[in-house]
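Enquirer: This is the structure alone, sequence omitted:
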């Protein structure tokens, strides 16, 4: 379909708004023709654009529309794909539990229709989810399952899986195996001429060298990653810049560290990527601290704390929403059941009271958490101001002492001259 092809072409050119217009046009045409498969594909493409822009709620909304169209069309492969993509948006929001549920649902659907390629994608997503939760051994197990399927007919995704395995091995501090997996993947991508994806491999190799304090090689590979990034991969660019800044701080090069961290923060704020705002504000704090600029160091340390706490609040809110959805689902089920007798009614009331109490506790905890964070930030700000004031007072005292010493020196000097004149 021309509109879909044009949308994909514009996406490759990083012209996201133009791509969205063409995808919407393809949806409108598909709806007029009663072509549900085209509707589902169009919504999926639009969701992907929003995901790339880190607009995860909008991405999830369009993936859910794709899911509805695919269910209506009885397209099980499309249902599995949309479900997996919904999981990816939950993971981006820090809700790993809901993401994992979605991945396993998608896996079950693909197993039912024996769609092996889809199963491999699901295994990979599950593996990455476990890695983010710190269970790297389980992550490797699911990567191996994905690798077995990809080896049959897809060398590109063999390399992608090797990259993800390399990341997991690095986190397990098995650096030799990490570099082996990453270099194998890099060789495959280079043979295939896949330039953009090589950036992820370079960044992975750089991380391994950074962990081992091989700073020159780490900086070189982060620069290669930055050059290989596509223009549309702004999140990746911000991440590379933050890591470059971190590397130069460890090398003792404050000006270079500041240069890269400032660029990274500009990108992170433009795409509202909180995760990258955390890493770049921390990098700026470290760079200004190295430079001896206490004022700016304290400023960016506060930004780092605020951004980090916002991620914490996001995770708490996700858990609260999960509890609320559970309550609503159980309440709906009870209404459908009808509650045929008084005993069932009393049990229902009791369960509702328990759930309402749980919600009240959750809200109370959220309020307490907010107050705790606010108090902590105020205390840190006061402490920062106190330290800065003490530093200024200390500097003034030292300056006064120097002036006093200089006055005494001048007095002794003029006294000696006077003595010389008196006693030739």
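Expert: Alright, I've got the coordinates. In this text, all values refer to a predicted model and were calculated from it rather than measured experimentally.
Enquirer: Please, which helix or strand holds the residue nearest to residue 190 when sequence neighbours are not counted?
Expert: Closest residue to residue 190 apart from its sequence neighbours, by C-beta to C-beta, 6 or more residues apart in numbering: residue 198 at 7.0 Å. In this view, the C-beta of every residue, glycine as well, is placed from N, C-alpha and C. Counting by DSSP states H and E, the element that carries residue 198 is helix 195-211.
Enquirer: Next secondary structure after that helix?
Expert: Using DSSP H and E, the helix or strand that follows helix 195-211 in sequence is helix 215-228.
Enquirer: My guess is residue 69 contacts residue 36. True?
Expert: Yes: using C-beta atoms under 8 Å, residue 69 is in contact with residue 36, at 5.2 Å.
Enquirer: For the two, indicate the residue with more neighbours.
Expert: In terms of neighbours (other C-beta atoms under 10 Å), residue 69 is the more surrounded of residue 69 and residue 36; the figures are 26 against 19.
Enquirer: how about the nearest residue to the more buried one once chain neighbours are set aside, what does it touch?
Expert: Among residues not flanking residue 69 along the chain, residue 40 sits closest, at 3.8 Å (C-beta to C-beta, 6+ apart). Shown in contact with residue 40 (C-beta atoms under 8 Å, 6 or more residues apart in numbering): 66-67, 69-70, 73, 75, 78, 82.
Enquirer: So for residue 40, what's the pLDDT?
Expert: If you check residue 40, the pLDDT there is 94.
Enquirer: how close does it get to residue 82?
Expert: To residue 82, residue 40 is 7 Å away according to C-beta to C-beta, to the nearest Å.
Enquirer: Now for those two: what residues contact both?
Expert: Common contacts of residue 40 and residue 82 (C-beta under 8 Å, 6+ apart): 66-67, 70.
Enquirer: Can you flag which of those residues belong to strands?
Expert: Nothing among those maps onto strands, per DSSP state E.
Enquirer: Tell me who's in contact with residue 300.
Expert: 281-282, 284-285, 288.
Enquirer: Which strand or helix spans it?
Expert: Going by DSSP H and E, residue 300 is part of helix 294-337.
Enquirer: Tell me who's in contact with the closest residue to residue 167 other than its chain neighbours.
Expert: Of all residues not flanking residue 167 in the chain, residue 204 sits nearest, at 5.7 Å (C-beta to C-beta, 6+ apart). By C-beta under 8 Å, 6+ apart, the contact set of residue 204 is 163, 166-167, 170, 178, 182.
Enquirer: 6 Å - rerun?
Expert: Taking C-beta atoms under 6 Å, 6 or more residues apart in numbering as the criterion, residue 204 is in contact with 163, 166-167, 182.
Enquirer: mind listing which of those residues are in helices?
Expert: Among the contacts of residue 204, the ones falling in helices (DSSP state H) are 163, 166-167, 182.
Enquirer: Tell me the one among these nearest to residue 12.
Expert: For these, the minimum distance to residue 12 (C-beta to C-beta) is 21.1 Å, reached by residue 163.
Enquirer: Count residues in the vicinity of the closest one, would you?
Expert: When neighbours are counted by other C-beta under 10 Å, residue 163 registers 23.
Enquirer: SS state for the nearest residue to residue 14 once chain neighbours are set aside?
Expert: Nearest residue to residue 14, sequence neighbours excluded (C-beta to C-beta, 6+ apart): residue 232, at 3.7 Å. For residue 232, the assignment made with DSSP: H, G, I helix; E, B strand; the rest coil gives coil.
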